[in-house]
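Asks: sequence first, then the predicted structure, then my questions.
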Amino acid sequence: MLALLAFTGTAASAAELKIALSADITSLDPHFLAAQPNINIGWHVFDALTRVDARAMLTPGIATAWRAVDATTWEFKLRKGVRFHDGSELTAEDVAFSLERPLAITGSPGGFAVYVRPIVAKTIVDPYTIRLKTAAPYGALPQDLNSVLIVSKKAAANATSEEFNNGRAMIGSGPYRFVRFARGDRVELARFDGHWEAPAAWDKVTFRLLPTDPARTAALLAGDVDVIENVPTADLARLRGNPNFRLAQAVSWRTIFFHLDQYRARSPHVTDKAGKPLAANPFMDARVRRAISKAINRQALAERVMEGAAVPAANVVSPQIFGHNAELKAEAYDPDGAKKLLAEAGYPDGFGLTVAAPNNRYINDDQVAQTVAQMLSRIGIRSRVETLPLSVYLTKARDQQFSFAMLGWGSYSADLALRSLVATVNPAQGYGAWNWARYSNPRLDRLIEQALATLDEKKREAIAREAGTLAASDVAIIPLYHQIATWAMKKNIAYNARTDEFTLAHEFRPQ
Amino acid sequence: MLVFILRRLAQSALALLIMSVLVFVGVFAIGNPIDILINPQADQAEIARATAALGLDQPLWVQYWDFLKHALGGDLGRSFSHNVPAVQLIFERMPATVELALAAMLIAIVLGIPLGLVAGMKPDSWFGKSIMAGSILGFSLPTFWVGLMLIMVFSVFLGWLPSTGRGHTTLLLGVPVSFLNWDGLLHLLMPALNLALFKLSLLIRLTRAGTREAMLQDYVKFARAKGLPLRRIVLVHVLKNILIPIVTVIGLEFGSVIAFSIVTETIFAWPGMGKLLIDSINVLDRPVIVAYVLIIVCLFVVINLAVDLLYSALDPRVRLSGTPA
C-alpha cells in the first residue's frame, strides 16, 4: 500500500516527460528530410493514413480501412471527425495535398517523394474517401503511406521549412501540439486533447538532443531526463543493475550484413596472400560465400562484441518484419566445414581480403568488422580491415571501391528490402539502388517483382518470404545479426519497445 | 591608421577566398552528401533528382562559381539538411557559443591573473607551488575527460548542477542569453569551467613568468625604495607592464575558444556553433561548413585588429603604421 502511494505521488508529478534523443533534429518540416529524429517528432505532431505498431504491424491511422478496388487502385476510408490542432477537420482534401507535397518541395536532399511517386492519380470520392491510382499494381502502398504525414492544407499551402520550424505551419492532427523548437537543443510539445485516440499520459513532453553517448547516460543518472534512447552497450550492464532504472528492449528492424562483390572478375580488395590479384573473383562461387558465412561465429559477435544487444540473423529482415522466414536458421559456426568448402572451391590456402565498414554508424561497427576479419583469418582468408566515417564510406561504397562491405538496413517489409539490396541493378525500374555487390539472380528478381505487385497481403507475404529464402540459400549477402534497440528510463515509467527504433512519448506509460 | 586597416581588409578578403576554395575542394573530396541524406528506400531516379536539386550534379568548378556569385551578394547558400540559410543557422547558434566563450574567458582572467601574480611574487611558497602544480594539471588533462568527470561528480554523484544543455534564456538587446537567470547560470557554470581550464592554466603561467621578471626590474626596486605600498607596486607598476603579452594571448585565445569550443559543446550538449559544425561535417552539409569557416576567419580578423588597436592604447610606444608588422 505504501509502495502504491509512493507511485501515485510520482505519477502526479510525472505529467511531464523528458526524453533524450541520440541524434540532431534538422528540420520539423515533415516532408523535407527522412531522417529518424525528424520523423520521430513528426509522428507526435502529425498522423498518417496508416501506422505501424510497436511490433511493426500495419494498423489503421487516419484511414480506418483500405482495399484494392482493382489491380491499380487503392481506396482509403478516412476516420470521421479527426481534428487538426487549429480545430479544423481533416478531410480527403488534406490527404491529397499531403501526398502531393513531397514532390513539390524544393531543395530536398532525401525526402519522401519515393513513397508517393508510384501514385499517378488521386480521386477524392467524398470528404472521407480517397482513391489512389498507381501505374502498375503495387502492394506495398499502404505500408509506404505510413511514412507520409498528413499536414493541414490550409496551414501548409506555400509554407516554407522556416514556418514549420517556428510552428506557424506546424499544424497536424497528432497526439501532441508543437510548442517550441530550440535548434540543437530541444523540442517541446504539449498534449493535444482533441486527438481521436485515448489521451496520452503526459501533458508536456520535452525532447532533449544528446548525441554524445556518455553524456546521455549521465543525464539519465543525474535525473535531468526521464528516458534515453540508444543506450550505449557499455552502459547496459550498469543500468541493468541499478534499481532506480528500467530497460526496455526489442529486436530492432536493423539487420547488419556484408555485401560481397559478385560482378567483377577481379575485385580490387580480393587478392592472393602476397597481395597479387587473383585470376578469378572467388565470391562468384556460392561455396566460397557459404564458407565465409560458416566462418563467422554470430553467437560470439552478439554476446561479446555487441554485449548482448544483437541476435544472430539468417534473414534480410528481422523477426517482426513482414516477410521474415522464421524457419531459416542463422548459419552455425563451423570453421572446419568452411575450410572444406574453400578447398572444394579451389582455395585450400585461402586468399587475402579487405573488410570494409563504417566506424560511426552502427552499434560497435568497427569492432564487429575487426572481429569478423579475425574469424575469416582463422579459416585462411587473411583479412585486413578498413573502417571509415560514414560520410566517406558511403560514397566509396556507391563508387564500388570495396569488395566486402558492411551495411545495416531497416525496412518494413522483406520485398522492399530485397528490392534495394539484392535485386539486379536496374535504374529504369528502380531496382538494386543499394546493391553494392551487383548480385544478380533473375529468379529472385521475378519473385520480388511478383511480391510487390501482389495486392493481397497474405499472398504477398508468402512470395516475399520465398524471395528472402532464395536470397539466403544463394548467400546473396552475409547476414550477421539484427540489432537490439534499447531504451533506459526511470523505474516508474514503462515503454513497449518499438521494432522500428522510434521513441514515441505517447507510448510511454507511468507505472 | 586608415592605411593599416585597409591593408588588413585586403589581406582578409584574400584569406576568405582561399579558405572557401579549400573547404569546397575538401568537402568534395570526402564524399557525396546525397549518399548520407538520401532516404534509404529511394531508387536511382530519386537519387538523381535529389543530386540535381542540390546542384551536386554539376562539375565542381561550376558549383564553386555559383557559390561565389551568390556569396558576393551575401548569400552563402542554404543548408542541405536544415533547409534554412546557412548564415542564419550559424547566427542562430552563435549567442550560445559566444556566451560560453565569454564566461570561460572571464573565469580564466578573473582567476588566472591574480593567481599568476601571487605565484610570481611568492614562487617558493607552498601556495605558489601548488598553483603551478594545478596549472600543469589544467594543461595536460584532456578536455573531454575533464568534462565527463565534472558531470559525474557534480551532476551524478552530488546532484548540484544540471548535467547537460543550456538553461532558461532571456532576451538581452534581442539576443537570447542564459546568464541573467539562476537556471541559466547553473547550466553555464560547468561547461564554462571546462572550457576555461586550459586558458586559466595558460594565463597563470604567463602572468607568473611576467611578474617574476618584472619584480627584478629597476623601476620596481625604485618604487620599493620610494616606500610605495606593495599593493600599488603590483597593481599599478607590475601589472601594467606585463599586460601586453597577456592581452595578446587573451585576444588570440578568445578566437580559438569560440572556434574550438566544439569538444565542450559536444560533451555538455551545448547548442552552440561548434556542435552545429560537427553535425554538419558528419552529413557533409557543405554550405554550413563553408559559412562556418568564413565566419570564423572574419572573427579572427576582427579580434586581431582589436588587439592591435588595444596595443597602441596600452603602450604609447606602439604606433600603427602602413608597414606590415
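Replies: Structure received.
Asks: out of everything not next to it in sequence, what's closest to A:W66?
Replies: Distance criterion Cβ to Cβ, 6 or more residues apart in numbering or on different chains; nearest residue to A:W66, sequence neighbours excluded, is A:F76 at 4.7 Å. Using the backbone N, CA and C atoms, a C-beta is placed for each residue, glycine as well.
Asks: point to the residue nearest the middle of the chain.
Replies: Using chain A here. Central residue of chain A (Cα atoms, centre = their mean): A:G410, 3.1 Å from the mean position.
Asks: you looked at the wrong chain, it should be chain B
Replies: Central residue of chain B (Cα atoms, centre = their mean): B:I258, at 1.8 Å.
Asks: over to residue 93: give its phi and psi.
Replies: Just so you know, I chose chain A. Dihedral pair for A:E93: phi -60, psi -50, per degrees, to the nearest 10.
Asks: wait, doesn't it sit right on A:K154?
Replies: No: the pair A:E93 and A:K154 fails to qualify as a contact (Cβ atoms under 8 Å) at a distance of 9.3 Å.
Asks: state the pLDDT value of the residue nearest to the centre of chain B.
Replies: We have a pLDDT of 82 for B:I258.
Asks: contacts only, for it.
Replies: Taking Cβ atoms under 8 Å, 6 or more residues apart in numbering or on different chains, we find B:I258 in contact with B:T97, B:V98, B:A101, B:M273, B:I296, B:L299.
Asks: most neighbours out of these, which is it?
Replies: Using other Cβ atoms under 10 Å in any protein chain shown as the neighbour criterion, B:M273 leads those with 30 neighbours.
Asks: and it, what is it in contact with?
Replies: By Cβ under 8 Å, 6+ apart, the residues touching B:M273 are B:I90, B:R93, B:M94, B:A96, B:T97, B:I258, B:S261, B:Y292.
Asks: recalculate using a threshold of 6 Å.
Replies: By Cβ atoms under 6 Å, 6 or more residues apart in numbering or on different chains, the residues touching B:M273 are B:I90, B:R93, B:M94, B:T97.
Asks: next: A:V355.
Replies: Contact analysis of A:V355 by Cβ under 6 Å, 6+ apart lists A:A369, A:V372, A:A373, A:S383, A:V385, A:F404.
Asks: B:E213: what secondary structure?
Replies: Following DSSP: H, G, I helix; E, B strand; the rest coil, the label given to B:E213 is helix.
Asks: distance of it from A:I130?
Replies: Look at B:E213 and A:I130: by Cβ to Cβ, to the nearest Å, they are 83 Å apart.
Asks: okay, the two: which has more neighbours?
Replies: A:I130 (24 against 13).
Asks: what about the more buried one, which SS state?
Replies: Classification of A:I130 by three-state DSSP places it in strand.
Asks: grab the nearest non-local neighbour of it.
Replies: Nearest residue to A:I130 in three dimensions, chain neighbours excluded: A:A92, at 4.4 Å (Cβ to Cβ, 6+ apart).
Asks: A:K122 versus that neighbour, what's the distance?
Replies: 9 Å.
Asks: compare the two (neighbour count), which wins?
Replies: Under the neighbour definition other Cβ under 10 Å, A:A92 and A:K122 were set side by side, and A:A92 has more, 20 against 16.
Asks: would you double-check that the residue nearest to the centre of chain B falls in a helix?
Replies: Yes: assessed with three-state DSSP, B:I258 lies in a helix.
Asks: list the residues that contact A:R298.
Replies: For A:R298, the contacting residues are A:P312, A:A330, A:Y481, by Cβ under 6 Å, 6+ apart.
Asks: so what's it closest to, chain neighbours aside?
Replies: A:P312 is the one closest to A:R298 (Cβ to Cβ, 6+ apart), at 3.6 Å.
Asks: ditto for A:F258
Replies: A:F258's closest residue in space is A:I478 (Cβ to Cβ, 6+ apart), at 4.3 Å.
Asks: picking that back up, thought the residue nearest to A:W66 was touching A:A63?
Replies: Yes: A:F76 is in contact with A:A63 according to Cβ atoms under 6 Å; the separation is 4.1 Å.
Asks: from chain A, how far out is B:Q217?
Replies: From B:Q217 across to chain A, the span is 49 Å (Cβ to the nearest Cβ, to the nearest Å).
Asks: can you count the residues close to that residue?
Replies: For B:Q217, the count of nearby residues is 13 (other Cβ under 10 Å).
Asks: so B:M94 belongs to a helix, correct?
Replies: Yes: B:M94 sits within a helix when classified using three-state DSSP.
Asks: name the SS class of B:A13, please.
Replies: Classification of B:A13 using three-state DSSP returns helix.
Asks: next, count neighbours for it.
Replies: If you count neighbours by other Cβ under 10 Å, B:A13 ends up with 11.
Asks: now do the one 3 residues further on
Replies: Neighbours of B:L16 under the rule other Cβ under 10 Å: 17.
Asks: now the one 4 residues further on
Replies: A count of nearby residues for B:S20, using other Cβ under 10 Å, gives 20.
Asks: also the one 3 residues further on?
Replies: Other residues lying near B:V23 total 17 when counted by other Cβ under 10 Å.
Asks: buried residues in the helix or strand where it lies?
Replies: For B:V23, the host element (DSSP states H and E) is helix B:2-30. Across helix B:2-30, burial judged by 16 or more other Cβ atoms under 10 Å in any protein chain shown covers B:F4, B:R8, B:S12, B:L16, B:S20, B:V23, B:F24, B:V27, B:I30.
Asks: hey, what's A:T123 bridged with?
Replies: Beta-bridge pairing of A:T123 under DSSP bridges involves A:R131.
Asks: correct me, but the residue nearest to A:F258 touches A:A291?
Replies: No: if you go by Cβ under 6 Å, A:I478 and A:A291 don't touch, sitting 10.5 Å apart.
Asks: on that earlier part again, now the contacts of A:V355 in JSON lines, with secondary structure?
Replies: Supplementary listing: those in JSON lines, determined by three-state DSSP:
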{"residue": "A:A369", "secondary structure": "helix"}
{"residue": "A:V372", "secondary structure": "helix"}
{"residue": "A:A373", "secondary structure": "helix"}
{"residue": "A:S383", "secondary structure": "strand"}
{"residue": "A:V385", "secondary structure": "strand"}
{"residue": "A:F404", "secondary structure": "strand"}
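Asks: export these to a markdown table and tack on distance to B:F144?
Replies: Formatted as a markdown table, those follow (distance: Cβ to Cβ, whole Å):
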| residue | distance to B:F144 |
| --- | --- |
| A:A369 | 24 |
| A:V372 | 29 |
| A:A373 | 28 |
| A:S383 | 32 |
| A:V385 | 25 |
| A:F404 | 33 |
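Asks: restrict those residues to those near chain B?
Replies: Among the contacts of A:V355, not one lies near chain B by Cβ under 6 Å from any Cβ of the partner chain.
Asks: just those residues now: which is nearest B:L206?
Replies: The shortest gap between B:L206 and any of the contacts of A:V355 belongs to A:V385, at 45.1 Å (Cβ to Cβ).
Asks: contacts only, for the closest one.
Replies: A:V385 is in contact with A:V355, A:A369, A:Q370, A:A373, counting by Cβ under 6 Å, 6+ apart.
Asks: how about TSV for the residues you listed, with pLDDT added?
Replies: Rendered in TSV, the data for those read as follows (pLDDT from 0 to 100):
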residue	pLDDT
A:V355	95
A:A369	96
A:Q370	96
A:A373	96
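Asks: can you pull the residues of the stretch 301-450 of chain A lying near chain B?
Replies: For the stretch 301-450 of chain A, the contact set with chain B under Cβ under 6 Å from any Cβ comprises A:S391, A:V392, A:L394, A:T395, A:R398, A:P427, A:G430, A:A433.
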